[in-house]
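Participant: could you work out the structure for the sequence below:
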Amino acid sequence: MDPSKTSKPSQAANLEDEPYPSLSDYHDYEPNLEFDDTELQQSPDDIAQSIEFIEIESCETSPVEDFPEENFDELVEACEENSYSLMYCPSYPAVDDSAVDKYADIAKYGIVDVKGDDAVGRKIIVVYACKLPPVKEINHSLLLSYLIYTLDQYVEQDYSLIYFHYGLCSKNKPSLSWIVQVYKAFDRKYKKNLKALYLVHPTNFLKIVSQLFRPLISAKFGRKLNYINTLAELNEEIPLDKLDIPQEIKEHDRKLGGIGDLTSALDNLNVVPSLPTQQFGISLSDIKKNYGLVIAPVVRQCIEFLDQPDALETEGLFRRSANGVKVKHLKDLANLGKPLNFEDPHEAAVLLKTFLRELKEPLLTYELYDEVMQFQCWNKDEVLKQVQVLIMEKLPEDNYIVLKYIISFLSRVMERQDLNKMNAQNLAVVFGPNLVWSDNVSMSLVAIGPINMFTQFLLQQHNKIFMI
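Facilitator: Below you'll find the model as predicted:
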C-alpha cells in the first residue's frame, strides 16, 4: 500500500406543478406496423364502456391476476425490503439472490433499462417496445412484477421515464386490460416523483390509447406527458449519448426524416469549448492544469454550500431535481471560472452530480470498472481489504483525493439522515452510476446493482477505507 496516500489528508421552483406540454406537433408519418387494433374498432361509447368494464371487472381474465389491489401495498413493501440490501453490512439484510433468478427470464430481453441522470439530476428509466417478445413467450404477470421491482429502487427520487413505442405490433402487444392494470398498479407512489414521461415515435394507436386513458389520468399527470416524434427532439431534452438506442429504432427515425438533425445533435454533443476556465466535460488532469487545483472549484463551492446545517437537513437532498434553466446558468458560470450563488440546496446538489457525470473519465476510472462489477463475488471476509487496495493503491492519486473529499462530505449527509432521509443506501443509488461506468458497455440494470452496492459499502465503511 502506498504510504503517501494514507497521509493525505430562496425557494426552489415547484417542479411537480411545472407544465410539460407536448414538445412538437404530431408527425404525419405512420409506420407500417402489424397492429391488431380490434379493441379500438368500436364506437366511442363502446370504448368508454370497455374501459369502465375493465376498471370494475375482477382480474380473472387479466394477465396480471397475481396483483389484486388489496394486496398490492404488501407486495410493494416486500419489494422495498429486498431492494439494494448489502450482503456485507449487518445493518442491512442479505441480498435477495432469489429476485435475480426470479426475473432472469424477463431481464434477458432488456425491455427496461436505467440510464443515469438527465440534465437536471433526474434518473432516466427507459422502456423499449421493440424488445418485447411475442405475447405467448412472456409472462405478463412477471413482467409487471419486474417493472415494480425496478421502479421501487428509484421512485423515492425524481425520475424521468422514456418509452420507445416503435416495434409494438400484433405479435407482442399486451392486451388493453393489462395496460389498464399496469396504470392502476402504479399508484401515487410512482406518479408523484415522475417528472416527465416521454413517448417516443408515437403512432395513432398510442395516441388513441392515451385518449382512452384520459378519464383515468389526472390533469397534473397529463402535464408530464410529452410526445416526441424524432430522436433529434428527444436530444433536446435528454442527451442521446446517455441512451443505448437500438439500431432498429435509429433506422425507424431515419424514415421519419430525423437522421439529419440527429447527426448534427450527436456531433454537437462531443464539442467541448476550449476555455482555459472549463470545468465540465473535461478530465481531472485538465482541471488541475486550468486551475492548479486537484479539486475543481465547482466541486468545492457546491460542497461548501451544502455543508451548512440548513442545507444538510434538506429532505430529499440529491434525490430531488432542480430548475433546469438555473442549473444550466450555474454550469455556464462555472465554465467561465466565476463564483456561484445558490438559491436552493437542490441546485448545488444537482450541479455536483452533473460535474461527476460529465467527467471525461469516471472518478473511479474505466480501468476499475470490471473490478467494481465483481464486488458481489468477493469473499465476505476479504471484501474490506480488497476495497482498500482498489481505492488506496489502484486509484490514481488525484482521483483518490477528490473521491475522499466527496465521500467525507457524504458521511456528514448521512449523519443528518433522520432529517434529510438520505442514508447510505439512498446516497448509493444516487451517486453510484455517477462515480463509475464503462467506456464500452452501456449502463444497465445488471451493472447498476453491483455499482450501487459497492458505493454503499464505500459510504458505510469510509472511516476504514480512507483512514479518516
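Participant: contacts, neighbours, all on C-alpha from now
Facilitator: OK.
Participant: what is the burial count for the nearest residue to Ser283 once chain neighbours are set aside?
Facilitator: Excluding the flanking residues, the one nearest Ser283 by C-alpha to C-alpha, 6 or more residues apart in numbering is Lys360, at 4.9 Å. By other C-alpha atoms under 10 Å, 15 other residues sit near Lys360.
Participant: Pro339 - that's part of a helix, no?
Facilitator: No. Membership of Pro339 in a helix is not supported by DSSP: H, G, I helix; E, B strand; the rest coil, which gives coil.
Participant: so which strand or helix has the closest residue to it other than its chain neighbours?
Facilitator: Nearest residue to Pro339, sequence neighbours excluded (C-alpha to C-alpha, 6+ apart): Leu333, at 7.2 Å. Assigned by DSSP states H and E, Leu333 belongs to helix 324-335.
Participant: buried ones in that helix?
Facilitator: For helix 324-335, burial by neighbour count (16 or more other C-alpha atoms under 10 Å) applies to Gly324, Val327, Leu330, Lys331, Leu333, Ala334, Asn335.
Participant: which strands or helices does it pack on?
Facilitator: Packed against helix 324-335, as judged by 3 or more C-alpha pairs under 8 Å, 6 or more residues apart in numbering; DSSP states H and E, are the following elements: helix 345-357.
Participant: please compute how far the helix it packs on lies from its chain's middle.
Facilitator: Relative to the chain's own centre, helix 345-357 is displaced by 15 Å; criterion: C-alpha atoms, centre = their mean, to the nearest Å.
Participant: sticking with Glu248, tell me its helix or strand.
Facilitator: For Glu248, the host element (DSSP H and E) is helix 247-255.
Participant: which residues sit against that helix?
Facilitator: Helix 247-255 is contacted by residues Tyr166, His201, Thr230, Leu231, Ile259 when judged by C-alpha atoms under 8 Å, 6 or more residues apart in numbering.
Participant: now do stretch 152-164
Facilitator: Contact with stretch 152-164 is made by 76, 79-80, 83-84, 118, 121-130, 189-190, 193-201, 316, 319-321, 429, as judged by C-alpha under 8 Å, 6+ apart.
Participant: average pLDDT for that stretch?
Facilitator: When pLDDT is averaged over stretch 152-164, the result is 85.
Participant: what residues sit buried inside it?
Facilitator: Counting neighbours by 16+ other C-alpha under 10 Å, one finds that the buried residues in stretch 152-164 are 152-164.
Participant: that one spans what distance, first to last residue?
Facilitator: The first and last residues of stretch 152-164 sit 21 Å apart, counting by C-alpha to C-alpha, to the nearest Å.
Participant: now that stretch: how far from the chain's centre is it?
Facilitator: 6 Å.
Participant: and Ser285, helix, strand or coil?
Facilitator: helix.
Participant: and the residue most central in space within the chain, what are its phi and psi?
Facilitator: Residue closest to the average C-alpha location in the chain (C-alpha atoms, centre = their mean): Lys123, at 2.5 Å. The phi/psi pair for Lys123 (degrees, to the nearest 10) reads phi -60, psi 140.
Participant: do you know how far it is from Tyr159?
Facilitator: Taken as C-alpha to C-alpha, the spacing of Lys123 relative to Tyr159 amounts to 5 Å.
Participant: before we move on, the earlier item: wasn't the residue nearest to Ser283 part of a strand?
Facilitator: No. Lys360 is assigned coil when assessed by three-state DSSP, not a strand.
Participant: so it makes contact with Gly281?
Facilitator: Yes. The criterion here is C-alpha atoms under 8 Å, and Lys360 meets it with Gly281 at 5.6 Å.
Participant: how far away from the center of its chain is the helix or strand encompassing Pro433?
Facilitator: Per DSSP H and E: Pro433 is located in helix 424-435. Computed by C-alpha atoms, centre = their mean, the chain-centroid distance of helix 424-435 equals 11 Å.
Participant: who does that helix touch, helix- and strand-wise?
Facilitator: Looks like helix 424-435 contacts helix 345-357, helix 445-460 (3+ C-alpha pairs under 8 Å, 6+ apart).
Participant: ok, back up a step: do you know the pLDDT at the residue nearest to Pro339?
Facilitator: 96.
Participant: how near is it to Asn323?
Facilitator: Remark: distance between Leu333 and Asn323 (C-alpha to C-alpha) = 16 Å.
Participant: ok, back up a step: how about the buried residues of stretch 152-164, which pair is most distant?
Facilitator: Glu156 and Phe164 (23.7 Å; C-alpha to C-alpha).
Participant: residue ranges with poor pLDDT in the stretch 301-450 of the chain?
Facilitator: In the predicted model of the stretch 301-450 of the chain, residues 441-446 satisfy pLDDT under 70.
Participant: kindly recompute the last result at 50.
Facilitator: Counting by pLDDT under 50, the stretch 301-450 of the chain contains no low-confidence residues.
Participant: okay, buried residues for the longest helix that the chain contains please.
Facilitator: Across the chain, the longest stretch assigned as helix under DSSP state H is helix 397-415. Using 16+ other C-alpha under 10 Å as the burial criterion, the residues of helix 397-415 that qualify are 397-411, 413-414.
Participant: how near is Arg320 to Glu156?
Facilitator: Note on Arg320: its distance to Glu156, by C-alpha to C-alpha, is 9 Å.
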